[in-house]
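> Sharing a model prediction with you, sequence too.
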Amino acid sequence: MTLPNVWNYWAVVVLMMVGLYIVIAKPNYVKKLMGLSLFQVSVIMLYVSMGRVTGGTAPIYILDDGAPRPFVLYTNPVPHVLMLTAIVVGIATTAVGLALVVRIREAYGSSEEDVVAELDRREVEAANALAAQRAAESDASSATAAHAGASHEEHA
Amino acid sequence: MITDVLHVIGAFFVVVGALFCVIGGIGVIRLPDFYSRCHGSGITDSAGAGALLLGLMFFAPPLVAFKLLALVAFLWVSSTVSTHSLAKAAYSQGVRIENVPRKDWTIAPPPPPAAEDAVLADAASAADPEEPA
Amino acid sequence: METAITVVLFVLLLATAIILGRQRNLFAASMLTGIFSLVSAGLFTVMEAVDVAFTEAAVGAGISTVLMLATLSLTEDVEAREKKISWPALAVVVLTGGALIYGTLDMPNFGDPHAVVHGEIARYYIDRSWDEIGLPNMVTSILASYRGSDTFGELGVVFVAGTSVLLLLGGRRSELPASGESPGHERPSSRPPGKRHAHVREMPVVRTVAKVMLPYIVLFAFYVQAHGDFGPGGGFQAGVILATAFILFGLVFGPQELVRHVPPERLERIMAVGLMIYGGVGVVAMLLGGQFLAYGVFTPSHPSHGHHYGIFMVELGVGITVSAVMIIIYATFATRRPSLAPQVVLDAEDRCETEVSADDVPLVPEERALRSGADLLAEGAAGTDAASEVPS
């Protein structure tokens, strides 16, 4: 069995997986976004590699006296167009992600995933405790309302 | 004939630039402290890349040569300034010279001018007496 | 030779990525993302994707690093604690990577000119775009004319992203005087006692050089905008480079000064103007009897001239919107007042000191309905008072 000449894609896949590992395993949100942008650049690299033609030049017409030179091998321009816009859109969406991280830091006092999860868990506990207290205090009808509210909080 | 001479000169500059890049890289790894490492990275930027671009100018048509010249000018200005601000930031953060041969100028810094004193005193307060023009 | 360069660049990229993953200091990590983008731009150049390389160098190495740093000035700059290798994550990554590599075995060889990707469509663009549109740069022809609707959508995404950042962070600008030390870069907690940051405004060399360089950067942006038809460049790259000039101004002279000269309220409108120019060109084409963004109808006698006009206007719209969005994103991050709340950290048993009491629980909808509007108003006023109190 002969392997096809695709080592270049393998290198891109390895880079992509490093980015994916950072996104999954690192608790810090800013670090996660860095991993995500690494992943994104790798995907762009994959597309650009697919557009490569051995011996092809950049997709800009070589002009001789105002007319394109015939029989020139060009690289495929379509992946370039798609990836060019993807890069700019990518930085804009990364900025939205960073803005969300800033808001999370302001609301929770931390940008670490485990701290945020812990605080969320306690908030649900406190809500449950509050609901149980209300239920004990009041009559049956309001108890059902508070219970509904607490379960609503849990789902939220 | 003329082009051959130009190509030889260009190749010389390219080799010199590559050599400077290698020297700068070794310097960043081998030099003992932050300030001398700044020198290593600065060599890579201005001497290495600058000489490479200058060498490429001898291979290029006139318009591209002009673009490369502009590139060299931009590189020499921006890389020196970035190295300068890096060193200055490190100095004000209190990074010290290690293995001092004679006299360590970072231990006894020169007295800061009055304006800097004011900034030091009022660092926390928003009201700043110094108003840059 | 090309293979050797590619291998070296891939090794550099892999080293950068692994160090990025292991680096706990996030300032260093954001620098590494910049290096990663720059090296990948080099790789794109080797693969002859000059337009992509240009964009990646401007966006990845320039703007994204600055944005990361601006975020770090509002959050923590060090990851909270050492993490062991996460085995489940590693298993997921290895499985996914293995599946992807198995998938690549069915792909055509790298650089194979007979691959399916280079089929009908790509050949059409390469063979016909000179006759139909007449621009040397095929990427610009496809971007602004053949796939104009696609690019319109992408520009819309950029616009929406800018609006989202404004909605998320635009509300709480710091109101320090223009000459004040830029609050976005002021982090009392991370500074060792007795030391102080060197402020750029105390660096006359940097200020002077920045002043001299700024006009040339703007000039280069206009060159890239206009030259996009003939070489690598175009609206996206020019917009990003123009934004870089403004961001440099903000970094050197302080974001307050930038906001004073370029008010965000005005930028918000400019942001929309670019998108409207793009859409307007399409609508004008429709009014003249053509299809949306079919520029040939502008000059019926000579359609390729109409394409030139249309592409110029469309690229102009792209450049305006992209630059306005990038400037506004930077200005919003940099002028955001940093939260002075101390960082919440977990101890060894995954417990943190902050207690969540019943008061912190958000109101359940039933309760919210029972409270009078006056109560809510009073609470809101108290809340804003508390938020605007900044101990100096």
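Received the coordinates, thanks.

> Low-confidence regions, chain C specifically.
Confidence mapping of chain C against pLDDT under 70 gives the ranges C:81-83, C:172-202, C:347-392.

> Check it for its longest helix and report it.
Of all segments of type helix in chain C, defined using DSSP state H, the longest is helix C:303-335.

> Quick one: check it for contact with chain B.
No - on the criterion Cβ under 8 Å from any Cβ of the partner chain, helix C:303-335 is out of touch with chain B, staying 14.2 Å away. Where you see a C-beta, it was placed from the backbone N, CA and C, and this is true even at glycine.

> how far out from the middle of the chain is that helix?
Between the centre of helix C:303-335 and the centre of its chain there are 14 Å (Cα atoms, centre = their mean, to the nearest Å).

> next one: stretch B:79-96
Mean-position distance between stretch B:79-96 and its chain equals 10 Å (Cα atoms, centre = their mean).

> and the gap between residue B:36 and chain A?
With the distance defined as Cβ to the nearest Cβ, to the nearest Å, residue B:36 ends up 31 Å from chain A.

> any idea whether that residue is helix, strand or coil?
Put simply, residue B:36 is helix when judged by DSSP: H, G, I helix; E, B strand; the rest coil.

> The nearest residue in space to it that is not next to it in sequence: what secondary structure?
Nearest non-adjacent residue to residue B:36, counting by Cβ to Cβ, 6 or more residues apart in numbering or on different chains: residue B:27, 7.5 Å away. At residue B:27 the chain is in helix, as set by three-state DSSP.

> Tell me if I'm right that residue B:27 and residue B:39 touch.
Yes - under the criterion of Cβ atoms under 8 Å, residue B:27 makes contact with residue B:39 at 6.6 Å.

> Who has more neighbours out of those two?
Legend: neighbour count by other Cβ atoms under 10 Å in any protein chain shown for residue B:27 and residue B:39, higher for residue B:27 (18 against 14).

> And what about the residue nearest the centre of chain A, helix, strand or coil?
Nearest residue to the geometric centre of chain A (Cα atoms, centre = their mean): residue A:36, 4.9 Å. Secondary structure, three-state DSSP: residue A:36 is helix.

> How many residues are close by residue C:287?
9.

> Give me the below-cutoff pLDDT ranges for chain B.
Residue ranges of chain B with pLDDT under 70: B:98-133.

> Which parts of it are strands?
Taking DSSP state E as the criterion, chain B carries no strands.

> what about chain A, any weak spots by pLDDT?
By pLDDT under 70, the low-scoring segments of chain A are A:1-3, A:139-156.

> and the helix or strand hosting residue C:260, C-alpha only, in PDB?
Element membership for residue C:260 (DSSP states H and E) is helix C:255-261. Coordinates of each C-alpha in helix C:255-261 appear next as PDB, following Å, rounded to 0.1, in the frame of the first residue of the first chain:
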ATOM      1  CA  PRO C 255      -7.500  55.400  24.100                       C
ATOM      2  CA  GLN C 256      -9.100  58.500  25.700                       C
ATOM      3  CA  GLU C 257      -7.300  60.700  23.200                       C
ATOM      4  CA  LEU C 258      -8.400  58.400  20.300                       C
ATOM      5  CA  VAL C 259     -12.000  58.500  21.400                       C
ATOM      6  CA  ARG C 260     -11.800  62.300  21.700                       C
ATOM      7  CA  HIS C 261     -10.600  62.600  18.100                       C
END
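
> Run the contact check for that helix versus chain B.
No - using Cβ under 8 Å from any Cβ, helix C:255-261 never reaches chain B; the gap is at least 9.3 Å.

> Give the other helices and strands that that helix contacts.
Using 3 or more Cβ pairs under 8 Å, 6 or more residues apart in numbering or on different chains; DSSP states H and E as the contact test, the elements touching helix C:255-261 are helix C:235-253, helix C:303-335.

> Helix or strand next in line after that helix, which one?
As assigned by DSSP H and E, the chain's next helix or strand after helix C:255-261 is helix C:264-287.

> to the chain's geometric centre, what's the distance from stretch B:92-99?
Distance, centroid of stretch B:92-99 to centroid of chain: 18 Å (Cα atoms, centre = their mean).

> Report the buried residues of that stretch.
Under the neighbour-count criterion of 16 or more other Cβ atoms under 10 Å in any protein chain shown, stretch B:92-99 has B:92, B:97 buried.

> Would you mind listing the buried residues in the longest helix of chain C?
Buried, per 16+ other Cβ under 10 Å, within helix C:303-335: C:303, C:306-308, C:310-335.

> go on, stretch A:89-104?
Within stretch A:89-104, the residues that qualify as buried are A:89-102, A:104, counting by 16+ other Cβ under 10 Å.

> Between the residues you listed, which sits nearest residue A:50?
Nearest to residue A:50 among the buried residues of stretch A:89-104, counting by Cβ to Cβ, is residue A:90 at 18.2 Å.

> can you tell me the helix or strand for the closest residue to that closest one other than its chain neighbours?
Using Cβ to Cβ, 6+ apart and skipping residues adjacent in sequence, the residue nearest residue A:90 is residue A:40, 5.0 Å away. Per DSSP H and E, residue A:40 falls inside helix A:29-51.

> So which elements touch that helix?
Judged by 3+ Cβ pairs under 8 Å, 6+ apart, the packing partners of helix A:29-51 are helix A:7-25, helix A:77-108, helix C:2-22, helix C:26-46, helix C:50-56, helix C:65-74.

> does any bit of the helix or strand following it sit next to chain C?
Using DSSP H and E, the helix or strand that follows helix A:29-51 in sequence is strand A:63-64. Yes - interface with chain C: strand A:63-64 contributes residue A:63 (Cβ under 8 Å from any Cβ).

> Quick check: the gap between the residue nearest to residue C:291 when sequence neighbours are not counted and residue C:279.
In space, and not counting its chain neighbours, residue C:291 is closest to residue C:285: 6.9 Å by Cβ to Cβ, 6+ apart. Taking Cβ to Cβ, to the nearest Å as the criterion, residue C:285 is separated from residue C:279 by 11 Å.

> Who has more neighbours out of those two?
Using other Cβ under 10 Å, the more surrounded residue of residue C:285 and residue C:279 is residue C:285, with 21 against 17.

> Contact partners for that one?
Taking Cβ atoms under 8 Å, 6 or more residues apart in numbering or on different chains, we find residue C:285 in contact with C:291, C:292, C:293, C:294, C:295, C:297, C:298, C:310.

> Not counting its neighbours along the chain, what's nearest the second one?
Put plainly, it is residue C:292. Residue C:292 sits nearest to residue C:282 (Cβ to Cβ, 6+ apart), 4.4 Å away.

> Might one say that that neighbour is in contact with residue C:293?
Yes - shown here, residue C:282 and residue C:293 form a contact pair, counting by Cβ under 8 Å, at 4.2 Å.

> what is in contact with those two at once?
When contacts are counted by Cβ under 8 Å, 6+ apart, residue C:282 and residue C:293 are jointly contacted by C:148, C:152.

> So which of the two has more stuff around it?
More crowded of residue C:282 and residue C:293, by other Cβ under 10 Å: residue C:293, with 23 against 20.

> Doesn't the more buried one belong to a helix?
No - under the criterion used here (three-state DSSP), residue C:293 is coil, not part of a helix.

> tell me the domain boundaries of chain A?
Domain segmentation of chain A under automatic domain parsing yields A:11-59+A:67-110, A:112-156.

> which ones are touching the nearest residue to residue C:284 once chain neighbours are set aside?
Leaving out its chain neighbours, the residue that sits closest to residue C:284 by Cβ to Cβ, 6+ apart is residue C:298, at 7.9 Å. Shown in contact with residue C:298 (Cβ under 8 Å, 6+ apart): C:284, C:285, C:288, C:305, C:306, C:309, C:310.
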